[in-house]
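> Below is the sequence, then the predicted model.
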Amino acid sequence: MADTHQAAESVAVSVTINGKRAQRLVDPRTLLVHFIREELSLTGTHIGCDTSHCGACTVELDGRSVKSCTIFAVQANGAQLRTIEGMANADGTLSALQEGFRQMHGLQCGFCTPGMIMRASVLLKENPDPSEEEIRFGIAGNLCRCTGYQNIVKAIQHAAATLNGRTFQEAAE
């Protein structure tokens, strides 16, 4: 009996990631998260569940936050990508979100942090001054098993205030 199962041919994938052009030949079944981590050596994007439930692999693709474990690398061909490695300011200082997470203790183990920051970045572009409820809804697809989310919400509020030229004032508990 003839073998009808053929090996997939490699496909060229070219992206602009964190402002730099990158091109690699990949198996067409390569997930974007594996392309980013293994082909481009950008390991800040984490692999948590491989089922899109946790959000640890969240990146920015053409201005949208996406879970990179749900997209094939070939689907991102020609796209603009940003990962956590591309979040710092041009001078190397922390972005408002990164600084918010640092100031407000928005992380513990840090595993969810890159995906959470990437999601929050797009959230703040869509809504520059979100309420606590809007932040909680906006990050609902990103799981954190350590923090209870309170300080993550404060970190995003801190970043929103900074980006809007205000000083963040924590509400009295």
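Yep, that arrived.
> does G141 really touch C49, like I thought?
No: under the criterion of CB atoms under 8 Å, G141 makes no contact with C49, lying 11.7 Å away. Placement of C-beta: from N, CA and C, glycine included.
> Strands of the chain, residue ranges please.
Taking DSSP state E to define them, one finds strands in the chain at 11-17, 20-26, 58-61, 64-67, 80-82.
> Can you give the distance from the third one to the centre of its chain?
Looking back up the chat, that one is strand 58-61. How far strand 58-61 lies from its chain's middle: 5 Å, per CA atoms, centre = their mean, to the nearest Å.
> Run me through the strand neighbours of it, direction for each.
The strands that strand 58-61 pairs with in its sheet are strand 64-67 (antiparallel), strand 80-82 (antiparallel) (by DSSP bridges).
> Which among those strands is found nearest to Q108?
For the strands paired with strand 58-61, proximity to Q108 was assessed by CB to CB; strand 64-67 is nearest, at 21.6 Å.
> thinking again about what came up before, would you mind putting the strands paired with strand 58-61 into a markdown table with distance to A90, mean pLDDT and mean neighbour count alongside?
A markdown table is the format used below for the strands paired with strand 58-61 (distance: least, CB to CB, whole Å; pLDDT from 0 to 100; neighbours: other CB atoms under 10 Å):
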| stretch | distance to A90 | mean pLDDT | mean neighbour count |
| --- | --- | --- | --- |
| strand 64-67 | 22 | 98 | 20 |
| strand 80-82 | 13 | 98 | 19 |
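> Quickly list the domain ranges of the chain.
Using automatic domain parsing, the domain parsing of the chain gives 11-86, 96-163.
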